[in-house]
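[1] The amino acid sequence is not available; the structure is as follows:
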């Protein structure tokens, strides 16, 4: 029996249940399921808006969606070139080490080349040794120098409410 081919493609509206299932798997893997706010409705609104802020691809093996990546455009003022931020990449556990993650990254790299991007950036959890090893095997460098900084919605609202002039 021949192994099914892995096809990576942009998500369509019909793929949203599969994308949501994969996002739920990613949230479970990361141990942050209670923070997942994705629904079929808000996925549809965000991914298929006139000017979507994010995009998503799924990896299909045979007829089953087995992996996904969400990403959006960035820009480097130092390089003066666009880039891609890989927000989430997830492959179902039973399909890892089977080329799905590589296929998702290769698709993103083709997208980056087509748009003149200088780099693709993302974060990987320090304790995710398998993920770190996989990314390094793909040619990624993992910086131990920079730290993720984040303003959550409450902090954003608090700072936005401050007077503009001081």
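    That came in fine, so what should we check first? All values derive from a computational prediction rather than experimental measurement.
[2] where does this protein have low pLDDT?
    Along the chain, segments meeting pLDDT under 70 span 1.
[3] Tell me which stretches of it form helices.
    Listed in chain order, the helices of the chain (DSSP state H) span 16-30, 40-47, 100-114, 129-137, 153-160.
[4] Give me the contact list for the fourth one.
    It refers to helix 129-137. Residues outside helix 129-137 that contact it (C-beta atoms under 8 Å, 6 or more residues apart in numbering): 96, 101, 124, 125, 142. From N, CA and C alone the C-beta is placed, and that goes for glycine too.
[5] Check those for burial and list the buried ones.
    The neighbour count (16 or more other C-beta atoms under 10 Å) marks 96, 101, 124 as buried among those.
[6] for this structure, longest strand please?
    strand 64-76 (DSSP state E).
[7] do you know how far residue 140 is from residue 101?
    12 Å (C-beta to C-beta, to the nearest Å).
[8] got the contact list for the residue most central in space within the chain?
    Taking C-alpha atoms, centre = their mean, the centroid of the chain lies closest to residue 88, which sits 2.6 Å from it. Residue 88 makes contact with 23, 26, 68, 69, 70, according to C-beta under 8 Å, 6+ apart.
[9] try 6 Å this time
    Going by C-beta atoms under 6 Å, 6 or more residues apart in numbering, residue 88 touches 26, 70.
[10] How about residue 112?
    Applying C-beta under 6 Å, 6+ apart, the residues contacting residue 112 are 84, 120.
[11] for the one 5 residues further on, same thing?
    By C-beta under 6 Å, 6+ apart, the contact set of residue 117 is 82, 83, 84.
[12] one more time with 8 Å
    The neighbours of residue 117, taking C-beta under 8 Å, 6+ apart as the test, are 81, 82, 83, 84, 111.
[13] measure it to residue 85 for me?
    10 Å.
[14] Next, the buried residues of stretch 131-150.
    Those would be 131, 134, 135, for stretch 131-150 by 16+ other C-beta under 10 Å.
[15] Give me the distance between the first one and residue 2.
    Looking back up the chat, that one is residue 131. Look at residue 131 and residue 2: by C-beta to C-beta, they are 29 Å apart.
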